[in-house]
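What follows is a predicted structure for the sequence shown.
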Amino acid sequence: MVQQYQSPVRVYKYPFELVMAAYEKRFPTCPQIPVFLGSEIKYEYKSDDGAVHVKERRCKLNVDAPYILKKIAGVEVVYFIQKNSLDRRERTLKIEAHNESFASRVVVKETCLYSVHPENPEWTCFEQSASLDVKNFFGFESTVEKIAMKQYSQNIKKGKEIIEFFINELKSKGVTYVPPWTPPKPVSPSEPKAQTSQPESQTAATVLSSPSSSDSITSTSSYHSANTAAQTPASPTVPDIPELPPDIRISSEDKLDADYIERFLGHLTPIQESYLIQLRKWIAESHKGQASGDESDGEDCGRSSPEDQPLVPKDSHILRFLRARDFNLEEARKMLCNSLAWRKQHQVDLILDTWKPPTPLVDYFAGGWHYYDREGRPLFILRLGQMDVKGLLKACGEEAILRHILSVNEEGLRRCEEATKARGYPISTWTCVVDLEGLSMRHLWRPGVKALLRFIEVVEANYPETMGRLLIVRAPRVFPVLWTLVSPFIDENTRKKFLIYGGNDYLESGGLADYIDPEYIPDFLGGTCHCNMPEGGLVPKSLYQLLDNLSMNDGLPSLCQETIYQLSSVFKGSPHEVLVNIDDKDSVLTWDFDVLKGDVVFTVLRSRRPLSMPKDPPGAVGGPLNVQLLDKSMTVGVDVSVVETPLVCHEGESIQGSHVARYPGPYVLQWKFHNAPVSSSLPQAVKATLPDVFTHHKCKVMYYHEVLASEDF
């Protein structure tokens, strides 16, 4: 497999000609590069006008390889062929190198380009790319790849330092300016040819021609247009001037400036920079609908017509996926591709502009953004212990809660970008403080934990490496139970960022004040700062899902594959029944339901006949379900048996229970309308004041059920 590497564009704030004078001082030997033992010129060409100068060198290198590998290969040094093509008219130097040693076993290609900065003719750009194909090397293929990657990284790191070193050496000798090439003056046949020479240096008093010492950052957009208008006409075609190989050529739109990376993305190793550029290029090509070279797996990142394509992610977001996969390029590509397809399907890029949370979330979701931590990261406060998670889940559904969580994450990305611009250094993560005061077993009921794990799965897959630090404070004794349930589903790198404080430990040394300025610590955590967010509290049952149309997707595909809580209607003479097939003896059937309207009778039955759910149950589309499974001809005690005593449940009650199945087979959860007795002797005026349950013939129930193995109960 061919490994490819691409370095970002590095900028020298010196004219091209001075950089070239410094570059030539690297030959024939360079003490600053210990592995470079020397070189000899094998071929040289100069054009008559002096504009084009081509040199081909044979370079000897002492590769830093294990002794045993050198012994097996039978060599102490390796040889490379390097061809330098200098075009003074175009002000470019193209360098093409390949290995001569072991060429049948290993193919190394390297291409470099020095050119004039497209926006500042007094600056010089340097680009470097390489490819490596280890075909066969005595069983040490992996070792050779690692050595090549190490050598490539060292070359990139030292390259700019060496040029800067030789420029300073030239300046110390008084060479601060090298004039650009100009066409030779035509000589009349009648005039004698004068020997003219151009000075290669001036006195030390000469002031270096350079731009102002501004610290402005050259962004990616600096390379989106070529500065060709001001250049002189191209020189005649000269043989042997290499073009950039197509397999490692990179367009101007895909270039990244090294200073831009340092300023907005942070310090990266040369290999990490290379992987970022390659993944960025692949995403850009996918967005344009161009086929990439390694799409044999059929993944297309959701490509279709331009108008409905997902937005190309920012460089900082691409870098998060690389970090999440330890810079494994292929794994990061797959993860990012899946995420982009998911974002397009659910229009996540528009969520900050389109999402309007339902009233229960606005009033009872105890979380919000709150200033910044000491390192400049955006800070999010979540009072999980004060939040009625069960009430929110029943009032809004997991679909709405998940969309709200996504909007929080999207807002976090936006705040990181703003913080990066405002503070002058890269900020790609945020800090979260989770207050667990009030956490109890009511937070750990199975449907809630199940929903929480779904939320974690979605966030981990689509917002990797966004959590800089998570501070859990006032953790109660029940917290280890919750941690045991959820920690296996949290990425290991994320788990390392968790800091957990029990009781008032967060107030001591090493606590909140070490990570958040005291002036920003919320008042409910011992600080003086007011935190502008809901305080949580119990969600009134009157806000539970009472509307027939529960869809909150605005026509978008659902984020959740299934709904945890179902809503059903129970009519007089028309019960609602749910089929539960038990496969194993002693399995535990559990249920959790709320009576939202009216009174019902709840029963659990076992059928001796096979049962099946109807394909299109009444109310299945856009409304509560009402399903009957038991035929009226079925007889209790013969065809079905009651396994749980009927229970009268009144409006507003929450019921949880379980049943250990002694036999496998079909079981039925049944809710029937409860006829409340009303005395016929009551006056009509009194009857008119009775609650709806006495006058209406419809009830509503929200329920959840699950079958557990006996050992898991």
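That came through, no problem.

so where is the stretch 101-250 of the chain shaky, pLDDT-wise?
By pLDDT under 70, the low-scoring segments of the stretch 101-250 of the chain are 154, 157, 187-250.

which stretches of it form helices?
141-172 (DSSP state H, counting those that start in this stretch).

which residue ranges form the strands in it?
Secondary structure of the stretch 101-250 of the chain (DSSP state E, counting those that start in this stretch): strands at 106-116, 124-134.

want to throw the ones you listed into CSV with distance to P15?
Glycine gets a C-beta too; all of them are placed from N, C-alpha and C. Below are the strands of the stretch 101-250 of the chain laid out as CSV (distance: least, C-beta to C-beta, whole Å):
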stretch, distance to P15
strand 106-116, 8
strand 124-134, 7
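
Quick one: closest of those to L329.
strand 124-134 (13.6 Å; C-beta to C-beta).

looking only at pLDDT, what's the mean for stretch 668-684?
Here stretch 668-684 scores 71 as its mean pLDDT.

and if you look at stretch 330-346?
94.

What residues sit buried inside it?
Counting neighbours by 16 or more other C-beta atoms under 10 Å, one finds that the buried residues in stretch 330-346 are 332-333, 335-344, 346.

circling back to that earlier point, list just the one of the strands of the stretch 101-250 of the chain that sits closest to K672.
Nearest of those to K672, taken as C-beta to C-beta: strand 124-134 at 73.1 Å.

Report the buried residues of the closest one.
Of all the residues in strand 124-134, those buried under the rule 16+ other C-beta under 10 Å are T124, C125, F126, E127, Q128, S129, A130, S131, L132, V134.

Could you do stretch 164-184 as well?
So for stretch 164-184, counting by 16+ other C-beta under 10 Å, buried means F165, F166, I167, L170, K171, V175, T176, Y177, V178, W181.

One more: stretch 641-661?
Applying 16+ other C-beta under 10 Å to stretch 641-661 flags V643, E644, C649, E651, H659, A661 as buried.

what about it, distance to the chain center?
Stretch 641-661 sits 45 Å away from the centroid of its parent chain (C-alpha atoms, centre = their mean, to the nearest Å).

Compute the first-to-last residue distance for that stretch.
Terminal residues of stretch 641-661 are spaced 12 Å apart (C-alpha to C-alpha, to the nearest Å).

List the contacts of that stretch.
Here stretch 641-661 makes contact (C-beta atoms under 8 Å, 6 or more residues apart in numbering) with 445, 541, 582, 585-606, 608, 636, 667, 674, 691, 693, 699, 710, 713.

Please apply the same query to stretch 476-495.
With contact meaning C-beta under 8 Å, 6+ apart, stretch 476-495 is reached by 323-324, 385, 436-437, 439-441, 443-444, 449, 452-453, 456-457, 460, 464-465, 467, 470, 472, 500, 502.

shaky segments in the chain?
Scanning the chain for pLDDT under 70 picks out 1, 67-73, 154, 157, 187-255, 288-311, 546-555, 616-623, 676-696, 713.

in it, which helix has the most residues?
Longest helix in the chain by number of residues (criterion: DSSP state H): helix 389-423.

mind listing which of the contacts of stretch 476-495 are in strands?
Among the contacts of stretch 476-495, the residues falling in strands (DSSP state E) are M467, L470, I472, I500, G502.

Counting neighbours, which of the residues you listed comes out on top?
Among the ones in strands among the contacts of stretch 476-495, the one with the most neighbours (other C-beta atoms under 10 Å) is M467, at 24 neighbours.

Distance of that residue relative to L256?
Per C-beta to C-beta, to the nearest Å, M467 is found 25 Å from L256.

Also Q128?
From Q128 across to L256, the span is 13 Å (C-beta to C-beta).

Over to I655?
According to C-beta to C-beta, I655 stands 60 Å off from L256.

And for R474?
R474 is 44 Å from L256, by C-beta to C-beta.

now swap in S85 and tell me
The gap separating S85 from L256 is 25 Å, by C-beta to C-beta.

Give me the more crowded residue out of the two.
Ranked by neighbour count (other C-beta under 10 Å), S85 and L256 place L256 first, with 23 against 20.

show me what contacts the more buried one?
With C-beta under 8 Å, 6+ apart, L256 has these contacts: P8, V9, T220, E273, L276, I277, R280, D315.

Next step: those residues restricted to strands.
Among the contacts of L256, none falls in strands (DSSP E).

and of those, the nearest to D517?
Of all the contacts of L256, D517 sits closest to D315, with 29.7 Å by C-beta to C-beta.

was I right about that closest one contacting L276?
Yes - D315 is within contact range of L276, at 7.0 Å (criterion: C-beta atoms under 8 Å).

follow-up on the earlier one: just the buried residues of stretch 164-184 now: which is nearest N328?
Nearest member of these to N328, counting by C-beta to C-beta, is F165, at 35.3 Å.

Next one: the closest one from L406, what distance?
In terms of C-beta to C-beta, F165 sits 50 Å off from L406.

Against L669, how distant is K390?
Remark: distance between K390 and L669 (C-beta to C-beta) = 20 Å.

K13 too?
Taking C-beta to C-beta, one finds K13 at 75 Å from L669.

neighbour count winner among the two?
Shown here are K13 and L669; by other C-beta under 10 Å, L669 has more neighbours (21 against 16).

what's the neighbour count on the nearest residue to that one once chain neighbours are set aside?
The shortest distance from L669 to any non-neighbouring residue, by C-beta to C-beta, 6 or more residues apart in numbering, is to V578 (4.3 Å). By the criterion of other C-beta under 10 Å, V578 has 18 neighbours.

do the same with K496
K496: 7 surrounding residues under other C-beta under 10 Å.

Now it. Its backbone dihedrals?
Per-residue torsions, K496: phi -70, psi -20 (degrees, to the nearest 10).

Same check on S710?
Backbone torsions of S710, given as degrees, to the nearest 10, read phi -60, psi -30.

thought it was touching I582?
No - between S710 and I582 there is no contact under C-beta under 8 Å: 11.4 Å.

Compare neighbour counts for these two and give me the winner.
I582 (19 against 12).

mind listing what the more buried one touches?
Counting by C-beta under 8 Å, 6+ apart, I582 has contacts L589, A661, Y663, P664, G665, P666, Y667, V707.

could you dump these to CSV with secondary structure?
As requested, these are exported to CSV (DSSP: H, G, I helix; E, B strand; the rest coil):
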residue, secondary structure
L589, strand
A661, coil
Y663, coil
P664, coil
G665, strand
P666, strand
Y667, strand
V707, strand
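
Narrow those to just the buried residues.
Buried members of those, counted by 16+ other C-beta under 10 Å: L589, A661, G665, P666, Y667, V707.

Not counting its neighbours along the chain, what's nearest L596?
K700 (4.3 Å).

Run through the bridge partners of the nearest residue to W369 once chain neighbours are set aside.
Nearest residue to W369, sequence neighbours excluded (C-beta to C-beta, 6+ apart): F380, at 5.6 Å. Residues in a beta bridge with F380, per DSSP bridges, are W369, C432.

What about F380, how many residues nearby?
F380 sits with 22 neighbouring residues when counted by other C-beta under 10 Å.

Please apply the same query to S153.
Neighbour count of S153, defined by other C-beta under 10 Å: 18.

Please shift the residue numbers so they start at 44 in all later answers.
Noted, 44 is the first residue going forward, which turns the last one into S196.

what's near enough to touch it?
By C-beta under 8 Å, 6+ apart, the residues touching S196 are T312, P313, I314.

What of V78?
Contacts for V78 (C-beta under 8 Å, 6+ apart) come out as L104, N105, V106, D107, Q194.
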